[in-house]
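> predicted model, plus sequence, below.
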Amino acid sequence: MAPNVVGASIVELADGIRQGRLKSRDLVEAYLDRIARLDGAIGSYLLVDADGARAKADAVDKQIAAGEAVGKLAGVPIGLKDIYVTKGVETTAGSKILKGFIPPYESTASARLAAAGAVSLGKLNMDEFAMGSSNENSAYKPVRNPWDLERVPGGSSGGSAASVAASLCAGSLGTDTGGSIRQPASLCGVVGMKPTYGRVSRYGVIAFASSLDHPGPFGRRVADAAALLEVIAGHDPNDSTSIPEPVGEYVKACGAGMKGLRVGVPKEYFQAGMDPEIEAAVRAALEELVAAGATLVPVSLPHTEYAIPTYYLICTAEASSNLARYDGVRYGHRSGKAGSLEEMYAETRGEAFGNEPKRRIILGTYVLRAGYYDAYYGKALSVRRLIADDFAKAFAECDVLATPTSPTAAFKLGEKATDPLQMYLADIYTVAPPLAGVPALSQCCGFTKAGLPIGLQIIGPAKKEETVFRVAGAYEARTHWHEQLPKDPT
Ligand code: GLN
């Protein structure tokens, strides 16, 4: 009988496979069947690697039948945001400029998943070059929120969040530069974890803003995200910003409880005028943390109001530099119209970049230009330091911070698409942690009256992922939000 994968947890699937109760191949078939039936309505996959997944699953099943030792994630079907380069499998970063690009190498994170036995079902939809908060900037197709198909799943890792919510994979990888793991996790009602900067290697992760890009996991349960992070984290000599330190026991931390921990409540994240349904759900979650043994501590992050402008100056500056490599010579698309080399660059980039990358390249080159550099980019770097200091001071008084993840639940497709400033404000609670490089997780803490998920964000000090998992795991153990599942689209 085909196994039921709806609502499945990575940890449970991995146990079932290791103990011989489940076959990886059966799980892969169950997910492929769901993708074939349901992803037309959701749009979370850009590429389904059915043959690759079947071959890998059969190999794992064979190893287990032969009694061989297998990795921690042996046979578990997962999906990868299409920003992770995958050897021999087309990788586009959601952009037409990389259409047809077949990478000659594998990203460290996806290679580590594969080495642990995980089975990749394919590549997940995303905003072009991870720029966006709604997945509407994908050059290929939008992703729809499984809880309401008229609404966005969040972005830029919209496919990674929606595929987990809709049980089209057991877990996934995304990237978070200003919120792109946590905000879609919040809007889709799943768990998303942005680790400390450098905890997961950026090698083979297509660059958007290098000092801000954080690869990380999505799961249905907190322990699922922890299980993925344990595998992908750790020093990598191929990324000079990777942290040369051992990886913690994140899954274990999820069950360690949170007695005695101090939870900071930053007043800047609970302002008058905030969405009442979001505020009520997050305040109720704070009470639940108290019931789990925490004490609440009021704290202040005084430079919060500068986080969005600081983020958009730095990320556009870095993006303008990173995106200079797409010149029609080395990768993907090349314009057929051009005469000279100069024209070839201009035509290629003009034809194949979407509006959002173009907007950011223009803004980024502007802020880096001689004469403006000190006024904009230099200033932003100074304020970034102040924002990081805010977190350091707050963590002298508390162990973690708890805040909303997103100012609103999922909004309608098209609602903010024509107004980039409105879209940028969707990141108000998520941009500061990546500027400071500290770990942060989003998990479901309730639903609006319209049935849309609401996210709770837990932020920890640098390198203290265990503390974040302790709090998130303790909260999850006391609540049932994570058990709610969206209905399959008809
Ligand atoms: N929404 C933010 C942006 O558009 C964050 C994106 C991200 O984290 N990759 O830049």
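Nice, thanks for sending it over.
> what's the end-to-end length of stretch 149-158?
One end of stretch 149-158 sits 13 Å from the other (Cα to Cα, to the nearest Å).
> give me the buried positions along that stretch.
Neighbour-count burial for stretch 149-158 flags Arg151, Val152, Pro153, Gly154, Gly155, Ser156, Ser157, Gly158 (criterion: 16 or more other Cβ atoms under 10 Å). Using the backbone N, CA and C atoms, a C-beta is placed for each residue, glycine as well.
> dump the helix or strand of the chain with the lowest mean pLDDT to PDB, restricted to CA.
None of the helices or strands of the chain scores lower by mean pLDDT, DSSP states H and E than helix 420-425, at a mean of 84. Extracted in PDB, the C-alpha atoms of helix 420-425 (Å, rounded to 0.1, in the frame of the first residue of the first chain):
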ATOM      1  CA  PRO A 420       7.900  47.900  -4.600                       C
ATOM      2  CA  LEU A 421       8.000  50.100  -1.400                       C
ATOM      3  CA  GLN A 422       4.900  48.300   0.000                       C
ATOM      4  CA  MET A 423       6.600  45.000  -0.900                       C
ATOM      5  CA  TYR A 424       9.800  46.000   0.900                       C
ATOM      6  CA  LEU A 425       7.800  46.800   4.100                       C
END
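> got the buried residues for that helix?
Met423, Tyr424.
> off-centre distance for that helix?
19 Å (Cα atoms, centre = their mean, to the nearest Å).
> and it, what does it pack onto?
Counting by 3 or more Cβ pairs under 8 Å, 6 or more residues apart in numbering; DSSP states H and E, the packing neighbours recorded for helix 420-425 are helix 307-322.
> packing partners of the helix it packs on?
Partner elements for helix 307-322 (3+ Cβ pairs under 8 Å, 6+ apart): helix 355-368, helix 379-394, helix 420-425, helix 432-436.
> what's the third one in contact with?
Pointing back at helix 420-425 there. Gly132, Ser133, Ser134, Ile308, Tyr312, Glu356, Arg359, Pro407, Lys416, Ala417 (Cβ atoms under 8 Å, 6 or more residues apart in numbering).
> quick one, what contacts the last one?
Ala417 makes contact with Ser134, Glu136, Met423, according to Cβ under 8 Å, 6+ apart.
> what's the longest helix in this structure?
helix 24-42 (DSSP state H).
> whichever helix or strand comes after it pairs with which strands, and in what direction?
Toward the C-terminal end, the helix or strand that comes next after helix 24-42 (DSSP states H and E) is strand 45-48. Here strand 45-48 is paired, per DSSP bridges, with strand 119-124 (antiparallel).
> now do the helix or strand just after the partner strand, average pLDDT.
Toward the C-terminus, strand 119-124 is succeeded by helix 158-165 as the next helix or strand (DSSP H and E). Across helix 158-165, the average pLDDT comes to 98.
> repeat for stretch 86-103
Rounded mean pLDDT across stretch 86-103 is 97.
> name the residues that touch that stretch?
46-47, 49, 52, 80, 82-85, 104-107, 110, 120, 123, 125-130, 137-140, 156, 204, 206, 326, 331-333, 348-349, 351-354, 357.
> how about a cut-off of 7 Å?
46-47, 49, 52, 80, 82-83, 85, 104-106, 110, 123, 125-129, 138-140, 206, 326, 331-333, 352-354 (Cβ atoms under 7 Å, 6 or more residues apart in numbering).
> tell me the SS of the residue of the stretch 301-450 of the chain found nearest the ligand?
Proximity to the ligand, evaluated over the stretch 301-450 of the chain using Cβ to the nearest ligand atom, is greatest for Asp427 at 4.8 Å. The assignment at Asp427 comes out as coil when based on DSSP: H, G, I helix; E, B strand; the rest coil.
> got any ranges where the stretch 201-350 of the chain has weak pLDDT?
Counting by pLDDT under 70, the stretch 201-350 of the chain shows no low-confidence range.
> helices of that one, residue ranges please.
222-232, 250-254, 276-291, 307-322, 341-352 (DSSP state H, counting those that start in this stretch).
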